[in-house]
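>>> Next input, structure requested:
(one chain, ligands or ions: 1)
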Amino acid sequence: MQIPHDEPVSAPATADDLVGALLRHFSGDTTGESVGPDLIRELRSELENNALLRDDMLRLWHMLAACMAKVERPTRTAIGEPVRILNLACAHCEEAPVLGAFFGRVAPVRFYGMDVRAREIDRAARRYEVTEKLFRKFTAPALKGEGSAFEFIADDATRLRGYKQLPDTFDVIFMRHQNVWNDRKIWQRIFAFALDRLANDGLLVITSYFDREHLIALDTFKSLGAQVLASLKNPRSRPLDYPGKSVDRHVAVLSRSKAERPSVILP
Ligand SMILES: C[S@@+](CC[C@H](N)C(=O)[O-])C[C@H]1O[C@@H](n2cnc3c(N)ncnc32)[C@H](O)[C@@H]1O
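Residues are numbered from 1 along each chain as shown. I've put the predicted structure just below:
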């Protein structure tokens, strides 16, 4: 079976978009009024010497831009509402700031990272705090409006029915390097949980390390009633030592079902 829509997609070639969006994100200024070119230049040179903006984050940014360009994105209707993001099975979650900056271009985000491994969640929370401190050095301390909020939770996604620590639904659920190859039964339950918590007009974004696992994930989601809106082979995927595996090799965007096509959100 062919992976649908697997042609390479061109993406912006500079870090300006990412750095500018990160600055807006951490300053709480979604208008970008306080983020001028000098500030972006200054921060870029700081980040070039800092592991927090690794090449992988830039690749991730471009991947998100490429896959979202494939999905219909009418204007967000609920202006002022925060964008609710769940990063499921997130491990140490190095992508949290990038996801916040990417999806938070229209409104502040409410971000939840969840993984069953408490140690990884602890790392994720500390990592985000360090990144936030670094950016706050560069941005105005006073937040306009409410600002964004990030929370990291250690729990088992297969046992969360009726779980109250999370919002009922999310605008975006991100699952990086889903692991259905490892245990289909468990991951089918994790996928079912994700679909259950996805807003009717929300988007689920998954990535995979290798081709076969991506196909199995897409089939599993379809069997659960989800619709695949786009699936791409990531042209900027970073190769790994293991043949046939690479970072974010494939990315797919899904919605709950054909009847519930996304009608809101996203920059
Ligand atoms: C292949 S790793 C991907 C981790 C991370 N998203 C990344 O891209 O590096 C799969 C992750 O799923 C998590 N996981 C496995 N079963 C889980 C469950 N039942 N609930 C929540 N997380 C789970 C693991 O702890 C692991 O961090």
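>>> tell me which element the closest residue to F150 other than its chain neighbours falls in.
Spatial nearest neighbour of F150, chain neighbours left out: F111 (4.5 Å); criterion: C-beta to C-beta, 6 or more residues apart in numbering. From N, CA and C alone the C-beta is placed, and that goes for glycine too. According to DSSP states H and E, F111 maps onto strand 109-115.
>>> so the residue nearest to Q165 when sequence neighbours are not counted is in which element?
Leaving out its chain neighbours, the residue that sits closest to Q165 by C-beta to C-beta, 6+ apart is I153, at 6.3 Å. Using DSSP H and E, I153 sits in strand 149-154.
>>> Now do that strand against strand 109-115: the angle between them, please.
10 degrees (axes from the mean of the first three to the mean of the last three C-alpha atoms, to 10 degrees).
>>> could you dump strand 149-154 to CSV, C-alpha only?
Included here for strand 149-154 are C-alpha records, laid out as CSV according to Å, rounded to 0.1, in the frame of the first residue of the first chain:
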residue,chain,number,x,y,z
ALA,A,149,0.2,27.7,30.3
PHE,A,150,2.1,24.4,30.2
GLU,A,151,1.6,21.3,32.3
PHE,A,152,3.3,17.9,32.3
ILE,A,153,1.4,14.9,33.7
ALA,A,154,2.7,11.4,34.3
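>>> near the ligand, which residues of the stretch 51-200 of the chain show up?
Within the stretch 51-200 of the chain, the positions adjacent to the ligand are 89-91, 115-117, 120, 156-158, 176-177, 179, 186, 190 by C-beta under 6 Å from any ligand atom.
>>> Just confirm V116 contacts L160, I think it does.
No - with contacts counted by C-beta atoms under 8 Å, V116 stays clear of L160, the gap being 10.6 Å.
>>> so how far is the first residue of stretch 90-98 from its last?
Taking C-alpha to C-alpha, to the nearest Å, the first and last residues of stretch 90-98 lie 13 Å apart.
>>> thinking again about what came up before, what helices or strands is the strand holding F111 leaning on?
strand 83-88, helix 96-103, helix 118-136, strand 149-154 (3 or more C-beta pairs under 8 Å, 6 or more residues apart in numbering; DSSP states H and E).
>>> how far is stretch 248-255 from where the chain is centred?
11 Å (C-alpha atoms, centre = their mean, to the nearest Å).
>>> correction: stretch 220-236
On C-alpha atoms, centre = their mean, the centre of stretch 220-236 falls 15 Å from that of its chain.
>>> end to end, how far does it reach?
26 Å.
>>> now check that stretch, is it near the ligand?
No - remark: stretch 220-236 sits outside contact range of the ligand, by C-beta under 6 Å from any ligand atom, the gap being at least 13.2 Å.
>>> Could you pull up the contacting residues of the residue nearest to Q165?
Applying C-beta atoms under 8 Å, 6 or more residues apart in numbering to I153 gives the contacts 112-114, 121, 165-166.
>>> For it, name its beta-bridge partners.
M114 (DSSP bridges).
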